[in-house]
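Visitor: Curious how this folds, go ahead:
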Amino acid sequence: MQIRSGRTATTPSLDALDNSIIDILRTNGRATNQDIAKQLSVTAATVSARLQKMEDARAMRVVAVTDFAARGYNVIIAVGVKVHGRGIQDVGRDLAKFPEVLSVNIMNGSHDLEIMVALHDFSEVQEFLYDHIAGIAGVAQIDAGIAVDIVKYEFNVAPL
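Guide: Below is the predicted model of the structure:
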């Protein structure tokens, strides 16, 4: 399997202890190595070594995840973008510069790019789509869908 710019993905081997550490951090991302060690009956040094091993193998990383609404974003839009006359990656990089753009994905399908956008309220939608997104050189067509409800949102990259 290939991901991101031709890098080959290798499947790291995670054992029960690794998975337990990840589960604890999913529940409480602020848990210290000592807290985790106590819960799992291992040493803090073992937890530290396991975390370093998993981070080095890119099996996991510890990040802060914010709630959209808590940050004042009440509108989430999925935007399909068709590109013409310019490289898809170049257009994607330009779209990624907008702070409102949460993700940019190169697609295989009816759109060349798909982006997820977070806005504060509906009054910003038209300006963002038509003045910002459509204003990028190479953007030939945009198809926007506004999220009316979020059924599931998990930051986990993949279930373990």
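Visitor: just the helices in the protein please.
Guide: In the chain, the helices defined using DSSP state H lie at 16-27, 33-40, 44-56, 88-96, 125-126.
Visitor: The longest one to helix 33-40, inter-axis angle?
Guide: For helix 44-56 and helix 33-40, the angle between their directions (axes from the mean of the first three to the mean of the last three C-alpha atoms, to 10 degrees) works out to 100 degrees.
Visitor: Flag the shaky bits of the protein, pLDDT-wise.
Guide: Scanning the chain for pLDDT under 70 picks out 1-12, 65-66, 154-160.
Visitor: cutoff 50 now
Guide: Across the chain, residues meeting the criterion (pLDDT under 50) sit at 1-3, 158-160.
Visitor: As a markdown table, the helices of the chain with distance to N74 and mean neighbour count would be great.
Guide: In short, each C-beta sits where N, CA and C put it, glycine included. Below are the helices of the chain laid out as a markdown table (distance: least, C-beta to C-beta, whole Å; neighbours: other C-beta atoms under 10 Å):
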| stretch | distance to N74 | mean neighbour count |
| --- | --- | --- |
| helix 16-27 | 26 | 15 |
| helix 33-40 | 35 | 16 |
| helix 44-56 | 34 | 15 |
| helix 88-96 | 21 | 17 |
| helix 125-126 | 11 | 12 |
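Visitor: out of those, nearest to I76?
Guide: helix 125-126 (10.9 Å; C-beta to C-beta).
Visitor: which residues sit against that closest one?
Guide: With C-beta atoms under 8 Å, 6 or more residues apart in numbering as the test, helix 125-126 has contacts from 75, 77, 119, 144, 146.
Visitor: tell me the contacts of V139?
Guide: 81-83, 91, 133 are the contacts of V139 under C-beta under 8 Å, 6+ apart.
Visitor: residue at max distance from the center of this structure?
Guide: S41 (32.6 Å; C-alpha atoms, centre = their mean).
Visitor: got the phi/psi numbers for it?
Guide: phi 60, psi 50 (degrees, to the nearest 10).
Visitor: now G85
Guide: phi 80, psi 10.
Visitor: Could you dump the helices of the chain into a markdown table with distance to V62 added?
Guide: Shown next, in a markdown table, are the helices of the chain (distance: least, C-beta to C-beta, whole Å):
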| stretch | distance to V62 |
| --- | --- |
| helix 16-27 | 6 |
| helix 33-40 | 11 |
| helix 44-56 | 8 |
| helix 88-96 | 23 |
| helix 125-126 | 34 |
